[in-house]
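Chemist: Sequence isn't available, so here's the structure alone:
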């Protein structure tokens, strides 16, 4: 995402007769009529229009109606669905804000681990040693499984009665922990599997970032007598800054969109405490078919998510400007 | 110094590698061995990694269940992910080429519009796309899990970056040789873009393969489900019959893990490019 801000370097055309030295792709050679361009663009634009642009507008429209998917009448209600969300004690506000709160808790608990653990793994697996590619593959492997396998597997491992984790805790003389049915344990039952599942993904992106830090910087730091920790603080971290902002952004967004883990592992338990915002929207909109309400919820969540992206991206710009 | 510099001391290396192995492969090993246990053994007070009395009960039960056709779900997922990747490759390469290279009225505006949607959270599209797909008559059909997901702007963004990095002189030379726009695109640009196309296909495949929320709601019939929503039904169907559930998990994972094992370098390289190197 950070990439969109980084414009491709301006390249000057040269060498050919008639070249006017404008930016790449903008020269006379590549000037085409709207017709030719449209032929190239049309297949994508049909998809883009139908499943990206139209639903953005349609979603807003739906949110202004009492839109029951199964009923023919869909009366216009203005901003009622939104007002309801912000009226405490209304049917939709309580569960929605509880779900938003659960989502926020999950973000706060998971993101620091989902960033720091992969970073540590990347630094360790950047070193040269026999078998490092194998180890990278091992760490990455869970990611290819998909959330359903991850959910079923961890649901078993953390099962309060017959689960493996409680079995081994029992060997240590610890009473069974209600991992999937009671807080605060349920948070652990969501965060740990998420870490296991996605650590490899962030690690791989960090590894790519680490490769771009010039070797000479480490050598210079070593000659200056910097300790490994000082090298990490003063060479690795500053060198990783753009990658770091990117990883933090996508990780916050991914955690804020959490769905499969609470759906499968805790099923929102205890009560509705670990039910995430996406779970709530799916439940209200696509199970109970109260689509007006669900669309209003989606819009509120969307604004929150876009706010997060803007904050992290402005942070990136600020850092760039300061340099 | 040489041993420590950029490397590990042997003892620590073994410890570190062992730890990672246990943490990341341990859970998978439990899945595999549990799938070979009898229902009885799974719920026993004493657990052991190795099944005391190996049994195929779980596999038999999952393969016989008409409401849980795991093999079919696997095929459905394969088809959906493959066809969506193909659709993305065709539509995104063409559009990205136009936006990266051709010069036409309104290009800047269109590029801005397409790229801006990268920032639109997918959740805002969930409910309206459900209604749109239902109006198209695509609910509970393969099209629902192939077409809408191919509309995302990531492919266009990714390939546009790549096309911009190719030297313009190549196209100019081809134009002078009398090539048409299509020939240039098909014979000059696409062959040079094979690595980028492969990476995009892989990323699209992985995303589609892992997608859970959307197929969970737009597919209903047991026979039409893809793997992720399909597997999630095992939990309610078999509750704590973990031998059967894990057998389903193993059937779903073995082909993917096998594919990953033989192509891990390519997969890891591809994912690393989804970040900043795009």
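Modeler: Structure received. Owing to the predicted nature of the structure, the values given are computational and were not obtained by experimental measurement. Numbering: from 1, shown residues only, chains lettered A, B, ... in the order given.
Chemist: and residue A:95, what does it touch?
Modeler: Residue A:95 makes contacts with A:272, A:275, A:280, A:284, as judged by C-beta atoms under 8 Å, 6 or more residues apart in numbering or on different chains. For every residue, glycine as well, the C-beta is placed using N, CA and C.
Chemist: Please apply the same query to residue B:154.
Modeler: So residue B:154 contacts B:118, B:203 (C-beta under 8 Å, 6+ apart).
Chemist: got it, and residue B:73?
Modeler: Here residue B:73 is in contact with B:225, B:226, B:227, B:230, B:231, B:252 (C-beta under 8 Å, 6+ apart).
Chemist: how about it, secondary structure?
Modeler: helix (DSSP: H, G, I helix; E, B strand; the rest coil).
Chemist: Next one, pLDDT for it please.
Modeler: Per-residue pLDDT puts residue B:73 at 93.
Chemist: Is there proximity between the helix or strand hosting residue A:311 and chain B?
Modeler: Residue A:311 is part of helix A:291-322 when elements are defined by DSSP states H and E. Yes. Applying C-beta under 8 Å from any C-beta of the partner chain, one finds helix A:291-322 touching chain B at A:291, A:294, A:295, A:298, A:299, A:301, A:302, A:305, A:306, A:309.
Chemist: Double-check the third one against residue B:130; I have them as touching.
Modeler: Think residue A:295. No. With contact defined as C-beta atoms under 8 Å, residue A:295 and residue B:130 do not form a contacting pair (10.4 Å).
Chemist: higher neighbour count, those two?
Modeler: residue A:295 (30 against 24; other C-beta atoms under 10 Å in any protein chain shown).
Chemist: Once you drop chain neighbours, what's closest to the more buried one?
Modeler: The shortest distance from residue A:295 to any non-neighbouring residue, by C-beta to C-beta, 6 or more residues apart in numbering or on different chains, is to residue A:63 (3.7 Å).
Chemist: same question, residue A:187
Modeler: With sequence-adjacent residues excluded and distances taken as C-beta to C-beta, 6+ apart, residue A:187 is closest to residue A:109, at 5.6 Å.
Chemist: Would you mind listing where chain B has pLDDT under the threshold?
Modeler: Where chain B drops to pLDDT under 70, the residues are B:1-7, B:275-278.
Chemist: following the helix or strand harbouring residue B:160, which helix or strand comes up?
Modeler: Per DSSP H and E, residue B:160 falls inside helix B:154-165. Beyond helix B:154-165 on the C-terminal side, the first helix or strand identified by DSSP H and E is helix B:168-176.
Chemist: Does that following helix reach chain A?
Modeler: Yes. Counting by C-beta under 8 Å from any C-beta, contacts between helix B:168-176 and chain A involve B:168, B:169, B:171, B:172, B:175.
Chemist: Give the helix, strand or coil label for the most centrally placed residue in chain B.
Modeler: Centrality entry for chain B: nearest residue to the mean C-alpha point is residue B:206, 1.0 Å, by C-alpha atoms, centre = their mean. Assigned state for residue B:206: helix (three-state reduction, three-state DSSP).
Chemist: give the contact list for it.
Modeler: Residue B:206 is in contact with A:144, B:267, B:271, counting by C-beta under 8 Å, 6+ apart.
Chemist: one more time with 10 Å
Modeler: A:143, A:144, A:146, A:201, B:81, B:85, B:256, B:260, B:267, B:270, B:271, B:274 (C-beta atoms under 10 Å, 6 or more residues apart in numbering or on different chains).
Chemist: And it, how far from residue B:120?
Modeler: 21 Å (C-beta to C-beta, to the nearest Å).
Chemist: next one: residue A:167
Modeler: Taken as C-beta to C-beta, the span from residue A:167 to residue B:120 is 45 Å.
Chemist: Repeat that for residue B:218.
Modeler: Distance from residue B:218 to residue B:120, by C-beta to C-beta: 19 Å.
Chemist: so where's chain A uncertain?
Modeler: A:1-29, A:316-323.
Chemist: Return the residues in contact with the spatially most central residue of chain A.
Modeler: Centroid-nearest residue in chain A: residue A:254, 2.0 Å away (criterion: C-alpha atoms, centre = their mean). Counting by C-beta under 10 Å, 6+ apart, residue A:254 makes contact with A:107, A:110, A:111, A:114, A:194, A:198, A:201, A:202.
Chemist: Could you identify the helix or strand that succeeds the host helix or strand of it?
Modeler: Per DSSP H and E: residue A:254 is located in helix A:241-256. Remark: after helix A:241-256, the chain's next helix or strand is helix A:260-261, criterion DSSP H and E.
Chemist: and that next one with chain B, contact?
Modeler: Yes. Counting by C-beta under 10 Å from any C-beta of the partner chain, chain B has neighbours in helix A:260-261: A:260, A:261.
Chemist: can you give me the offset of that helix from its chain's centre?
Modeler: 13 Å (C-alpha atoms, centre = their mean, to the nearest Å).
Chemist: Run through who's touching it.
Modeler: Against helix A:260-261 from outside (C-beta under 10 Å, 6+ apart): A:106, A:110, A:146-148, A:150-151, A:154-155, A:189-194, A:197, A:255, A:274, A:276, A:278-279, B:210-213, B:216, B:228-229, B:232.
Chemist: and if we set it to 7 Å?
Modeler: A:147, A:148, A:151, A:190, A:193, A:194, B:212 (C-beta atoms under 7 Å, 6 or more residues apart in numbering or on different chains).
Chemist: buried stuff in stretch A:132-144?
Modeler: Residues of stretch A:132-144 classed as buried under the neighbour-count rule (16 or more other C-beta atoms under 10 Å in any protein chain shown) are A:132, A:135, A:136, A:137, A:138, A:139, A:140, A:141, A:142, A:143, A:144.
Chemist: repeat for stretch A:219-227
Modeler: A:221, A:222, A:226.
Chemist: so what's residue A:33 closest to, chain neighbours aside?
Modeler: Once flanking residues are discounted, residue A:33 sits nearest to residue B:104: 7.0 Å by C-beta to C-beta, 6+ apart.
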